[in-house]
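Asker: Structure of the sequence below:
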Amino acid sequence: MKGVIHTTRRVSCILLGLSGLFLTSAHAIDEHQVAVSYGYPTTDQNLDIQKVEVSYLFPELPALKREPLYWYPVVNAGQIQTSEGDSEILGGGLGLSWYMSNEFKVAVEGGMYWYSDYEFGEQGVAYKDYGGPIQFYYRLGPVYSFDKDTRAGFAFQHISNANRYDSNPAFDSYQLYFAYDF
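Answerer: Here you go, the predicted model:
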């Protein structure tokens, strides 16, 4: 129970700190966008693994003058949750939105994560070693806007360490997410 409380406090502090940083940021004064996502593996794993994440998406900027293509910086905080322990995640990267209509777009994001822990379980029983604390990711998926401020999406996400360490098992997941502008 003590470990759960300590982990919950650590994640709460991370999210509170990120919220304060972005709410006072000069880039975020006009438009704030927060997304909450839940990811689950695309294939069976030897441990139960889930990923929860809160992302702050900075305002979109035009990528091309005549195309409905926009880029945006993104910052992430969350957890990898396994049946054998959890790991906090911090990260950031860039996203690209291609608008097919006012209600529908396709979003692609890529960047880097830092994991507070990257080994879970017991070798020979149920074990997962992501190799090290630095991981890279990309995600791709459709996004639907319900109204001016609310969106939902589905994405495929790939996370790996790009062979930086001895072990590189990767984590492929499907994600459901909700985004809100305020």
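Asker: pLDDT weak spots in the protein?
Answerer: Residues of the chain meeting the criterion pLDDT under 70: 1-31.
Asker: 80 - rerun?
Answerer: Along the chain, the parts satisfying pLDDT under 80 run over 1-32, 182.
Asker: just so I have it, where are all the helices in it?
Answerer: Along the chain, the stretches classed as helices by DSSP state H are 2-23.
Asker: And the strands in it?
Answerer: Listed from the start of the chain, the chain has strands (DSSP state E) covering 33-41, 49-57, 61-62, 69-82, 85-99, 104-115, 119-122, 126-129, 134-145, 150-160, 171-181.
Asker: For these, give me JSON lines that also has mean neighbour count.
Answerer: Heads up, the C-betas are built off the backbone N, CA and C, glycines and all. Converted to JSON lines, those look like this (neighbours: other CB atoms under 10 Å):
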{"stretch": "strand 33-41", "mean neighbour count": "18"}
{"stretch": "strand 49-57", "mean neighbour count": "20"}
{"stretch": "strand 61-62", "mean neighbour count": "10"}
{"stretch": "strand 69-82", "mean neighbour count": "19"}
{"stretch": "strand 85-99", "mean neighbour count": "18"}
{"stretch": "strand 104-115", "mean neighbour count": "18"}
{"stretch": "strand 119-122", "mean neighbour count": "16"}
{"stretch": "strand 126-129", "mean neighbour count": "16"}
{"stretch": "strand 134-145", "mean neighbour count": "17"}
{"stretch": "strand 150-160", "mean neighbour count": "17"}
{"stretch": "strand 171-181", "mean neighbour count": "17"}
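Asker: Residues contacting stretch 74-85, please?
Answerer: Counting by CB atoms under 8 Å, 6 or more residues apart in numbering, the neighbours of stretch 74-85 from elsewhere in the structure are 7, 11, 14-15, 18, 22, 37, 47-58, 86-95, 109, 111, 113, 115, 117, 120-122, 126, 128, 171.
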